[in-house]
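Student: what's the 3D shape of this:
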Amino acid sequence: MDKNKLEAYFNDFKNTFLPKEFEWRKGQREAIEGIVEAYFDQRYDTVILDAPVGSGKSLIAMCSAWILTQEGKKGYLLASDIALQDQYEKDFKRFNLSWGSVKGLDNYICIDNLDKNSLGTCRIKNLNPYTMDCYADCPYYNARDHASSSSTSLLNYAYWLVHMNYVNMIRPEEKQLFKPRDFTICDEGHKILDIVQNNYSPRFDDKTIEKLQKITDFFSVYKVSNHYNEFVEIKSAIQQLWIEENQDRLHEILQRISINLKVYLRSITLLKDRVQQDYPKDNPPKEWREALWISEWLTDLEYKVDDYVNIIENTSTRNLVKNPQGEDTLIFNCLKESYLMHKYFHRWTGFRVFMSATFADPADYLLSMSLKGAKYIKVDSSFDFTKSPIYYYNQKKMSYNHISDNLPWLYEKINEILDKHKGESGIIHSASYDLSMKIFQNLTPKNRKRVLVYNGTEEKRKTLEILKFSKDKVLIGPSLLEGLDLKDEWSRFQIFAKVPYLSLGDRFVKAKLAINPTWYQWKCIIGLLQGVGRSIRSEKDWAITYILDGCLSDLIHNHRRSFPKEFLNRIRVISDK
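Tutor: Here you go, the predicted model:
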């Protein structure tokens, strides 16, 4: 694009959307220029934007998208989760951008029956929403239609994947609301591979058979249909999944489950017709609403199992990974991630921009994403890290072969650090729930009173609230590496009890390691860089980091170029035996 034209776009964007006192941060304009120029350069269809926390990635994304729309292009902004999507929506409002944003159904309430939208009147009664009086005021349909008509639309990955790979496949082209567009800007780009993998990984847990039993009994009691034979078949098949290890036979069992789940789908339509017939004006009773909720779950399970069966058929049963998660959950993963990425993601994106604060080595990232080339844009950090050293204790390793011998030392050091930071809040990255409990049990009584330990997502959410509204509290856990905004006094220090390598007890991780050892190292580096960033969220923020695992030395030695210079420059080695 002509430089003068691009300059005019910058001026228009600033004058139209930004406050008068606004000044571009270091590297922002250059990043936007690089993205726009790459779009019109025949050599590129992919850009990697490596931009640290505080560099203003969202503004880079919005301005780049706006300039491309001025050139007659249409595109998507994709967010990794609802919290990030909410932040973008706030930015749209703050800058008076009229673009639309839509989330999944259950982020909205049906204004007709005041239930979550998946159990809204039109859905549970199989009614055409367009014909209903409440359509014009429906929060979900308003958001969806606005996003569909916007030149740039904000969606989360899960919603976008469903439309690209399912909704558009069953709708005529003229009725497709979210078609592939000219460009797709992907925030939190380092998460995409995991998101796609999880989206096509069926899960069976201790509640699966229980919910199937409930819906089967409901259909029988209310004479919707008889699915006793299908239930017996699925129950037997799921039990076999736990016992069987042969990949060909596992694939056959999943096929049986898929076939029998499909039979249930016909009855779900009948159930909704019955709701419309028996309760034309009223909300159905509680047991009917529960059956409808289970029906939504069953439909989603059938889609996932069917997709997975087809993925394995189109690649090989050698790519099937049976992956138990504890004693009551079984997940199936696919090793052929290049197939997943090209079939379900890359072919729908058009020109794509992947943004993240933690790509590590871009070559490793491209390899993991099954891409061969990209334009790489790096924005340097503007943070002052002089008050945020990384104290690295390099003498004791916490790897599998060494951790048992070194645990007493680890407990001692963590107690010392907690004593040093008396009166301040912080976090301890433990790498596992088991190590969390061992550390907690070996704290001094006064330190144990400060430390908040959790087990599971709901407990984590509650303990985070305690941390944010208290002083002198420390949160410990294995899942604190991403998604936390612990700014200022919420966290003035953080401890890495262990370098965050993924667990080799996970069969999928172990299988991927055997195929691509570089990926395993890359994931660890991403986790470490993400974790270090939890406590420093702005230019004036600061926090002290302690890494107590000597395994970091090998990681840096073998992958030095994967670490940002600002990370390496902060390291202060403590040779403490």
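Student: ranges for the helices of the stretch 101-250 of the chain?
Tutor: For the stretch 101-250 of the chain, applying DSSP state H, counting those that start in this stretch gives helices covering 121-124, 139-149, 157-162, 168-170, 192-199, 208-221, 228-243, 247-278.
Student: my bad, should have said the stretch 401-550 of the chain
Tutor: According to DSSP H, counting those that start in this stretch, the helices that the stretch 401-550 of the chain contains are 403-420, 433-441, 445-450, 457-468, 507-515, 517-532.
Student: quick check, N323 in a strand?
Tutor: Yes - assessed with DSSP: H, G, I helix; E, B strand; the rest coil, N323 lies in a strand.
Student: ok but P52 is inside a strand, no?
Tutor: No - secondary structure of P52 (three-state DSSP): coil, not part of a strand.
Student: from what I can see it touches P564, true?
Tutor: Yes - the pair formed by P52 and P564 meets the contact definition of CB atoms under 8 Å, at 7.3 Å. For the C-beta atoms, the positions are set from N, CA and C on the backbone; glycine is no exception.
Student: touching both of these two, which residues are there?
Tutor: Taking CB atoms under 8 Å, 6 or more residues apart in numbering as the contact rule, the neighbours common to P52 and P564 are S381.
Student: which stretches of this structure have low pLDDT?
Tutor: Residue ranges of the chain with pLDDT under 70: 577.
Student: can you give the domain ranges for it?
Tutor: What automatic domain parsing lists as the domains of the chain is 3-96+150-199+357-378, 100-146, 207-327, 390-574.
Student: now the ones you listed as a markdown table including mean neighbour count and distance to Y339?
Tutor: Below are those laid out as a markdown table (neighbours: other CB atoms under 10 Å; distance: least, CB to CB, whole Å):
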| stretch | mean neighbour count | distance to Y339 |
| --- | --- | --- |
| domain 3-96+150-199+357-378 | 18 | 8 |
| domain 100-146 | 17 | 26 |
| domain 207-327 | 16 | 5 |
| domain 390-574 | 18 | 14 |
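Student: out of those, which is closest to L340?
Tutor: Nearest to L340 among the domains of the chain is domain 3-96+150-199+357-378 (5.4 Å), distances taken as CB to CB.
Student: name the SS class of N333, please.
Tutor: strand.
Student: quick one, what contacts it?
Tutor: Counting by CB under 8 Å, 6+ apart, N333 touches Q197, S201, V321, N323, R507, F508.
Student: so it bridges to which residues?
Tutor: Beta bridges link N333 to V321, judged by DSSP bridges.
Student: what distance do you get for it to S225?
Tutor: Separation of N333 from S225 (CB to CB, to the nearest Å): 33 Å.
Student: quick one, what contacts K179?
Tutor: Contacts of K179 (CB under 8 Å, 6+ apart): N168, E173.
Student: go again with 10 Å.
Tutor: Shown in contact with K179 (CB atoms under 10 Å, 6 or more residues apart in numbering): K74, S148, H163, M164, N168, E173, W348.
Student: over to it: give its phi and psi.
Tutor: In terms of degrees, to the nearest 10, the main-chain angles of K179 are phi -80, psi 160.
Student: next: S432.
Tutor: As for S432, its main-chain torsions (degrees, to the nearest 10) stand at phi -160, psi 160.
Student: what about the nearest residue to G189 once chain neighbours are set aside, how many neighbours?
Tutor: In space, and not counting its chain neighbours, G189 is closest to F354: 3.2 Å by CB to CB, 6 or more residues apart in numbering. For F354, the neighbour count with other CB atoms under 10 Å is 26.
Student: off-centre distance for the helix or strand hosting F354?
Tutor: In this assignment (DSSP states H and E), F354 forms part of strand 351-356. Counting by CA atoms, centre = their mean, to the nearest Å, strand 351-356 is centred 16 Å from the centre of its parent chain.
Student: which helices and strands does whichever helix or strand comes after that strand pack with?
Tutor: Where DSSP H and E defines the elements, the next helix or strand beyond strand 351-356 is helix 362-368. Where contact means 3 or more CB pairs under 10 Å, 6 or more residues apart in numbering; DSSP states H and E, helix 362-368 is packed against strand 46-50, helix 192-199, helix 337-341, strand 351-356, strand 375-378, helix 517-532.
Student: let's see that with 7 Å instead.
Tutor: Where contact means 3 or more CB pairs under 7 Å, 6 or more residues apart in numbering; DSSP states H and E, helix 362-368 is packed against strand 46-50, helix 517-532.
Student: let me have those in TSV, adding distance to L177 as columns.
Tutor: Shown next, in TSV, are the helices and strands packed on helix 362-368 (distance: least, CB to CB, whole Å):
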stretch	distance to L177
strand 46-50	26
helix 517-532	34
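Student: of all those, which lies closest to E230?
Tutor: With CB to CB, the closest approach to E230 among the helices and strands packed on helix 362-368 belongs to helix 517-532: 39.5 Å.
Student: quick one, that closest one and helix 192-199 angle?
Tutor: Per axes from the mean of the first three to the mean of the last three CA atoms, to 10 degrees, the angle that helix 517-532 makes with helix 192-199 is 100 degrees.
Student: return the list of helices and strands in contact with helix 517-532.
Tutor: In terms of contacts (3+ CB pairs under 7 Å, 6+ apart), helix 517-532 is packed against helix 362-368, helix 507-515, helix 552-558.
Student: now do the first one: everything it contacts.
Tutor: Helix 362-368 is contacted from outside by I48, D50, L193, F359, K372, A374, Y376, T518, W519, W522, S562, using CB atoms under 7 Å, 6 or more residues apart in numbering.
Student: spatially central residue for the chain, please.
Tutor: Against the mean C-alpha coordinate of the chain, by CA atoms, centre = their mean, the closest residue is S80 at 4.8 Å.
Student: which phi and psi values does it adopt?
Tutor: As for S80, its main-chain torsions (degrees, to the nearest 10) stand at phi -80, psi -20.
Student: now do L77
Tutor: The phi/psi pair for L77 (degrees, to the nearest 10) is phi -110, psi 120.
Student: now do the same contact list for it.
Tutor: Taking CB under 7 Å, 6+ apart, we find L77 in contact with A61, A65, Y88, T152, L154, I185.
Student: so the second one makes contact with T152?
Tutor: Put plainly, it is A65. Yes - counting by CB atoms under 7 Å, T152 is a contact partner of A65 at 4.5 Å.
Student: name the residues contacting each of these two.
Tutor: Counting by CB under 7 Å, 6+ apart, the contacts common to A65 and T152 are G75, L77.
Student: alright, that wraps it up for me.
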